[in-house]
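Peer 1: any chance you could fold what I've pasted below:
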Amino acid sequence: MNQLFMPTRVLMGKGCIKENASLFSEFGKKAMIVTGKTSAKKSGALTDVADALKSQAISYEVFDEVENNPNVETCFIGGQKAKDFGAEFVIAIGGGSPMDAAKAVAAYAANDMAAMDIYGTIKNKPLPLLSVPLTAGTGSEVTPYSVLTVKEIENKKSFSHPESFSKIAFLDPTYLESLPRAVLLDTTADALSHALESMLCKRTSDVSNVYAEAALRHLGKLIPNVISGKPDYEKLLFASSLAGMAIAHTGTVVVHSMGYLLTYHKNVPHGRANALLLPGFLKLCAKHVPDRLAPVLDAFGADKVDTLCELITNLVPEPVVLTEDEVNTFAKKAIGAKNVSQNLWPITEDEEASVFSALLQ
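Peer 2: Coordinates of the predicted model:
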């Protein structure tokens, strides 16, 4: 079924927060800013947001305790602080971790519930959310998904709500200029993974492909410059958001659920985990669904799957090594993930193990 639901207003360009400061006043007089310890300050984004809020006589508090791959418990604490402050809306500043955390904070702040209740029915709609991405990769500023670490299951788990879409996303490329090279490579790989997985899943539609194909066309031109150290930050932000819009309609497939295990157990950054697994997955697609892979390669501008796989490999700044026991354990866990059902063929545990096996020493 084709349907379009993209409620996020996207503002892009240098100084877009300062130029649109009056928009913050549409959401209330008290804001909770959700971010990490350093990047919001280092990039200048926190200062710009604070100045915009002050210009509108909006009071705010900063919750800067968000860690990489944020825990449910951390987000619950942030939600209680937002509730105690009387926040009327939430502002996320950061990469995927702060944006995902902010969605949870917005939900907790609007509801009386325990931490794990977020994976059930959310009775009251979350507080309005505004997002300021500091990386070009997650696309979280235009999706309703929040992926959080749950220690009890030793993995990540996602929740979503229609009101978890950002009301406004402010995309200022100057905030990306302070990104370390490894983070830039990792997040670019994440954007690419979103576009690829969106086109290679059961929920693909004509609508989602508009976004995914556009993202792939841009990334095909942008990634060589990322690898060579000459990134175009504004175009990367645009491509990342397009890929986010694609998965907002389709979700992801097994690359993401497999990658979460590398992140939790091996401390591999999310985008890098995807890049490590994508070549094996794409080669399985070439075997099982070559007709579905062909338009993907065409959109990216690759003549064959090996060309795309080689470029993805160049996005990985350092290798990751698994043991045979880890390969078997991870495959056994990953095959039970919810998004396995979205795969274009009935992928087996052995096939998932074969993808992990590429990381054996």
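
Peer 1: per-residue pLDDT, residue 319?
Peer 2: At residue 319, the predicted lDDT confidence score is 89.

Peer 1: for it, which non-adjacent residue is closest in space?
Peer 2: residue 359 (7.7 Å; Cβ to Cβ, 6 or more residues apart in numbering). C-beta coordinates here come from the backbone N, C-alpha and C atoms, glycine included.

Peer 1: before we move on, what about residue 241?
Peer 2: residue 142 (5.2 Å).

Peer 1: could you give the number of residues near the one you found?
Peer 2: Applying other Cβ atoms under 10 Å, we find 27 residues neighbouring residue 142.

Peer 1: next one: the one 4 residues further on
Peer 2: Residue 146 is flanked by 27 other residues according to other Cβ under 10 Å.

Peer 1: doesn't it belong to a strand?
Peer 2: Yes - checked against DSSP: H, G, I helix; E, B strand; the rest coil, residue 146 lies within a strand.

Peer 1: show me what contacts it?
Peer 2: Neighbour list for residue 146: 100-101, 103-104, 140, 158-160, 164 [criterion: Cβ atoms under 8 Å, 6 or more residues apart in numbering].

Peer 1: what kind of secondary structure is the closest residue to it other than its chain neighbours in?
Peer 2: Spatial nearest neighbour of residue 146, chain neighbours left out: residue 103 (3.9 Å); criterion: Cβ to Cβ, 6+ apart. Using three-state DSSP, the structure places residue 103 in helix.

Peer 1: my guess is residue 103 contacts residue 164, does it?
Peer 2: Yes - between residue 103 and residue 164 there is a contact under Cβ atoms under 8 Å: 4.5 Å.

Peer 1: coming back round to it: quick one, what contacts the residue nearest to residue 319?
Peer 2: Per Cβ under 8 Å, 6+ apart, neighbours of residue 359: 276, 319-322, 327.

Peer 1: would you map the helices across the stretch 201-350 of the chain?
Peer 2: 206-228, 233-250, 254-266, 270-288, 290-300, 305-313, 324-334, 349-357 (DSSP state H, counting those that start in this stretch).

Peer 1: including mean neighbour count, mean pLDDT and distance to residue 129, could those go into JSON lines?
Peer 2: Below are the helices of the stretch 201-350 of the chain laid out as JSON lines (neighbours: other Cβ atoms under 10 Å; pLDDT from 0 to 100; distance: least, Cβ to Cβ, whole Å):
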{"stretch": "helix 206-228", "mean neighbour count": "20", "mean pLDDT": "97", "distance to residue 129": "20"}
{"stretch": "helix 233-250", "mean neighbour count": "25", "mean pLDDT": "97", "distance to residue 129": "14"}
{"stretch": "helix 254-266", "mean neighbour count": "22", "mean pLDDT": "96", "distance to residue 129": "22"}
{"stretch": "helix 270-288", "mean neighbour count": "23", "mean pLDDT": "98", "distance to residue 129": "20"}
{"stretch": "helix 290-300", "mean neighbour count": "17", "mean pLDDT": "97", "distance to residue 129": "31"}
{"stretch": "helix 305-313", "mean neighbour count": "17", "mean pLDDT": "97", "distance to residue 129": "31"}
{"stretch": "helix 324-334", "mean neighbour count": "17", "mean pLDDT": "97", "distance to residue 129": "30"}
{"stretch": "helix 349-357", "mean neighbour count": "19", "mean pLDDT": "98", "distance to residue 129": "34"}
